[in-house]
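Visitor: for reference, the sequence and a predicted model appear below.
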Amino acid sequence: MIIDSVCTYCGVGCDISAEVEDNKIQKIFAKEEGTVSQGRLCIKGKQGWDFLTHAKRLRNARVRKSFLNKNAALFADLDMDYLEPVGTEWYEISYESAYELVARKLKAITGEHGPHSFAAIGGARTSCESSYLFQHFTRHVVGSPHVDNCARVCHSPSLKGMRTTIGEGAATNPFDDIYETEYMIAMGTNTTEGHPIVANRMLDVIKNKGVELAVLDVRRIQLSKSATNHLSIPYEANLMILNMMAYVIISENLVNTEFIASRTKGYAEYKNAILNDPYANPEYLLQIPGYESLIDEIREVARKYATRKSLFFWGLGITEHLDGSYAVMAITHLALLTGNIGKRGAGLMPLRGQNNVQGTCDVGMLPYYAPDYQTPKEIGMMTPDIIDAMGRGEIKALYNISEDIAHIHPNQNKIHAALGNLELLVVNELFDNEITKFADIVFGVKSAYEKTGVYVNAERRLHLSQPLVNVRMPDDWEVIAEISKRYGTDLGFKTSRDVWKAVRIDAPIRFGGASYEKLEANRLRGLQWPVQEEDLPVLHIDAFRTKDGLGSFRYKQYEPRGQVEELLKASAHNGYYLTTGRVLVHYNNAAQTNMCEKLHRSHDEDTLLVSVEDADFFEYKDFVVLRSEYGESAPLRVKVSTTIKKGTMFTSFHHSKSRINFLFGDESDELIRTARFKSIKVEVIKPDYLD
């Protein structure tokens with residue numbers, strides 16, 4: 001039997017098909033007619049499914065023994081149908097008992113400390129139905145405004161920057177517009193590793209149509225080999241480089257004056273600011289040793305972008321910085337200057353990370369947005385503020401769904417201390433991981449391959465998943481609904497279809513016409529929101545999604561810091577700047593991929609790449625420890641690479657044993673609190689066992 005569904009990994013959101021026999025997957029592949037996959041899948045899509053049957057899969061509910069003992073009086077009258085010891089710390093219990101435990105303890109906490117003592121984090125790894133119900137339960141059942149999701153550590157700056165300038169924080173075009181474009185820029189995205197099926201399209205048009213690509217990054221990546229221009233830029237210099245491109249376009253009269261006059265506002269002030277900004281003039285690069293050649297390269301890239309129908313792609317290399325939101329605004333400025341938006345083959349393409357982070361934001365799992373990006377009655381705290389409040393003892397209870405904040409968030413020493421300060425931590429997960437080590441109650445739940453639900457990919461495309469195999473665990477929304485009943489509110493949902501009907505009512509602008517029936521009829525194609533009678537592949541054709549329909553210029557001057565500031569002052573810098581990213585075979589915290597034998601075998605440790613120009617320093621250092629002011633990594637294997645510039649390093653962060661995110665602190669985007677994951681100065685030290 002062949003069953004069609006959607007991939008559970010990255011934001012590309014590939015349609016998949018599974019060959020299933022006796023409730024077991026035999027293989028996963030993609031059909032040629034699949035709109036997103038085009039019949040091709042990456043290694044995770046093809047081989048990343050055997051986690052479903054792994055022996056360590058959570059298939060029950062568990063409660064920590066110490067939690068039961070500590071709350072014995074609260075649960076004294078509860079008839080626990082069974083308690084089965086699991087190791088030394090846990091009992092396996094029925095889901096029904098676990099629902100009651102959570103509801104009782106949460107009601108006791110909010111009764112004493114008020115509803116604001118509860119917060120909810122996560123949801124981007126689950127369906128829109130579950131994310132919607134998660135925020136609804138938190139806001140309308142418990143009464144807390146504190147909801148957030150993993151967009152806080154990835155593309156919240158894209159949402160902020162794009163909504164500020166063009167009124168909508170999502171990709172403007174479908175992936176297939178790559179076949180309509182004349183020029184591409186990829187900045188801060190390692191597309192072949194992070195979004196490989198999008199990269200396939202890029203490589204197709206480079207090879208077969210002669211379309212040119214410019215890659216802007218702090219290191220050379222696989223995609224650089226196919227690029228006409230690769231620009232290795234300084235760390236934390238994105239905004240400077242983007243403003244320089246705008247400076248070239250304006251000073252060389254390459255602007256689309258008709259588009260600017262009819263579709264935008266604020267251009268005169270923007271033009272004056274940028275032409276009088278010394279950091280925006282490419283000649284400024286003459287003062288930065290080792291990067292002087294960028295002057296001509298920036299001019300060349302800017303000219304091509306301005307004079308051709310162009311697409312601009314970016315990823316976390318843009319957003320995970322102090323000025324990530326401003327850098328996204330600078331990218332939208334380039335589109336407004338040149339008219340490269342609102343048409344086929346020209347637009348803005350933020351490559352979202354997780355398989356449903358777009359949808360999770362769309363349905364209101366953000367502290368400052370209700371469903372459909374409406375203003376909520378009360379604005380809650382963002383994740384970094386929630387963690388600080390946990391540390392102060394103000395947040396007493398946390399519900400976490402499929403977001404391992406004890407691994408993938410920054411400043412892990414602080415987070416671990418804050419988690420230990422909670423009175424209640426509830427976690428929905430597929431496997432034990434770093435966050436479950438702190439949990440009081442854990443629900444084993446269905447994965448995306450085992451349930452029905454809507455997922456929204458990085459091009460705003462909705463796919464309706466269906467189970468490839470049947471299991472007895474509940475879906476995330478079912479857990480939430482059952483806890484809600486025992487908390488005092490029966491939400492009345494019997495199926496995911498019921499929940500989706502509520503989503504369509506609360507988010508009619510995007511999802512009003514996206515019925516299950518319509519999604520089922522378009523299972524391999526999907527539908528791009530906004531969906532009414534039809535869907536809408538290209539946004540901003542006639543007007544921007546702002547109140548007045550106009551795009552806005554909001555200039556922000558670059559402020560030298562970090563590596564740039566050091567090079568300006570000393571013509572060199574001491575120590576090393578580290579950036580992090582993904583590898584193809586793993587996904588995020590590798591919770592699923594590490595449980596797939598072939599994937600784990602091909603990458604079982606995070607490796608540190610260092611520059612060939614620094615090879616002498618690392619000559620006798622097979623392993624090193626990295627130290628920042630916030631913490632230390634575990635010993636990391638060293639590999640010399642020609643892709644890294646002198647004084648810089650790269651590593652992935654997939655394996656919690658590496659302790660990479662212990663290195664990063666609280667520095668974050670000043671508007672939206674996304675952590676500065678893409679740049680940290682570190683000291684290289686010997687592992688303790690070598691002393």
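Guide: Received it, and whenever you're ready, just let me know what you need.

Visitor: drop to CA atoms for contacts and neighbour counts, all remaining ones
Guide: OK.

Visitor: low pLDDT regions in the stretch 551-691 of the chain?
Guide: The stretch 551-691 of the chain contains residues with pLDDT under 70 at 571-573, 688-691.

Visitor: all strands for it, in order.
Guide: For the stretch 551-691 of the chain, the strands defined by DSSP state E, counting those that start in this stretch occupy 551-552, 576-581, 607-611, 623-627, 636-641, 648-652, 680-685.

Visitor: hey, which of these is tucked in deepest?
Guide: For the strands of the stretch 551-691 of the chain, the largest average neighbour count (mean count of other C-alpha atoms under 10 Å) is found in strand 551-552, namely a mean of 26.

Visitor: give me the residues contacting that one.
Guide: 164-167, 263-267, 336, 544 (C-alpha atoms under 8 Å, 6 or more residues apart in numbering).

Visitor: narrow these to those that are buried.
Guide: Buried members of the contacts of strand 551-552, counted by 16 or more other C-alpha atoms under 10 Å: 164-167, 263-265, 267, 336, 544.

Visitor: just the buried positions in the helix or strand bottoming out on mean pLDDT in the chain, please.
Guide: The helix or strand of the chain with the lowest confidence, counting by mean pLDDT, DSSP states H and E, is helix 597-602 at a mean of 85. Neighbour-count burial for helix 597-602 flags 598-600 (criterion: 16+ other C-alpha under 10 Å).

Visitor: mind listing residues that contact that helix?
Guide: With C-alpha under 8 Å, 6+ apart, helix 597-602 has contacts from 44, 47-48, 50, 585-586, 593-594.

Visitor: try stretch 480-490
Guide: By C-alpha under 8 Å, 6+ apart, stretch 480-490 touches 99-100, 102-104, 107, 133-134, 137, 141, 491, 493.

Visitor: hmm, try it at 6 Å
Guide: With contacts defined as C-alpha atoms under 6 Å, 6 or more residues apart in numbering, stretch 480-490 is touched by 99, 103.

Visitor: return it as CSV; C-alpha atoms alone will do.
Guide: Only the C-alpha atoms of stretch 480-490 are listed here, as CSV (Å, rounded to 0.1, in the frame of the first residue of the first chain):
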residue,chain,number,x,y,z
ILE,A,480,-3.7,19.3,25.6
ALA,A,481,-7.5,18.7,25.2
GLU,A,482,-7.5,16.0,27.9
ILE,A,483,-5.6,18.1,30.4
SER,A,484,-8.0,21.0,29.6
LYS,A,485,-11.0,18.8,30.5
ARG,A,486,-9.5,18.0,33.9
TYR,A,487,-8.5,21.7,34.4
GLY,A,488,-12.2,22.6,34.0
THR,A,489,-12.7,23.3,30.3
ASP,A,490,-13.9,20.8,27.8
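
Visitor: pLDDT on that stretch, on average?
Guide: Mean per-residue pLDDT for stretch 480-490: 97.

Visitor: and the residue sitting furthest away from the middle of the chain, how far from Tyr91?
Guide: What lies farthest from the middle of the chain is Asp77; by C-alpha atoms, centre = their mean that is 43.3 Å. Applying C-alpha to C-alpha, to the nearest Å, the value for Asp77 to Tyr91 is 18 Å.

Visitor: mind checking pLDDT for the closest residue to Arg59 other than its chain neighbours?
Guide: Nearest non-adjacent residue to Arg59, counting by C-alpha to C-alpha, 6 or more residues apart in numbering: Gly444, 5.0 Å away. Looking at Gly444, its pLDDT is 97.

Visitor: which strand residues bridge Gly444?
Guide: Beta-bridge partners recorded for Gly444 (DSSP bridges): Glu429.

Visitor: the longest helix belonging to the chain: which residues count as buried?
Guide: Using DSSP state H, we find that the single longest helix of the chain is helix 95-113. For helix 95-113, the neighbour count (16+ other C-alpha under 10 Å) marks 95, 97-107, 109-110 as buried.

Visitor: helices or strands up against it?
Guide: Contacts defined by 3 or more C-alpha pairs under 6 Å, 6 or more residues apart in numbering; DSSP states H and E place helix 95-113 against helix 476-487.

Visitor: hang on, the earlier thing: how about the residue farthest from the centre of the chain, phi and psi?
Guide: phi -90, psi 0 (degrees, to the nearest 10).

Visitor: list the contacts of Glu84.
Guide: Contacts of Glu84 by C-alpha under 6 Å, 6+ apart are 91-92.

Visitor: hang on, I meant Leu286
Guide: When contacts are counted by C-alpha under 6 Å, 6+ apart, Leu286 touches Glu292.

Visitor: follow-up on the earlier one: and the longest helix of the chain, how far from the chain's centre?
Guide: Chain-centre distance of helix 95-113: 31 Å, with C-alpha atoms, centre = their mean, to the nearest Å.

Visitor: that one vs helix 476-487, what angle?
Guide: Here helix 95-113 runs at 60 degrees with respect to helix 476-487, directions being taken by axes from the mean of the first three to the mean of the last three C-alpha atoms, to 10 degrees.

Visitor: so which strand or helix has Val301?
Guide: helix 294-307 (DSSP states H and E).

Visitor: and the next helix or strand past that helix?
Guide: Next along from helix 294-307, by DSSP H and E: strand 310-314.
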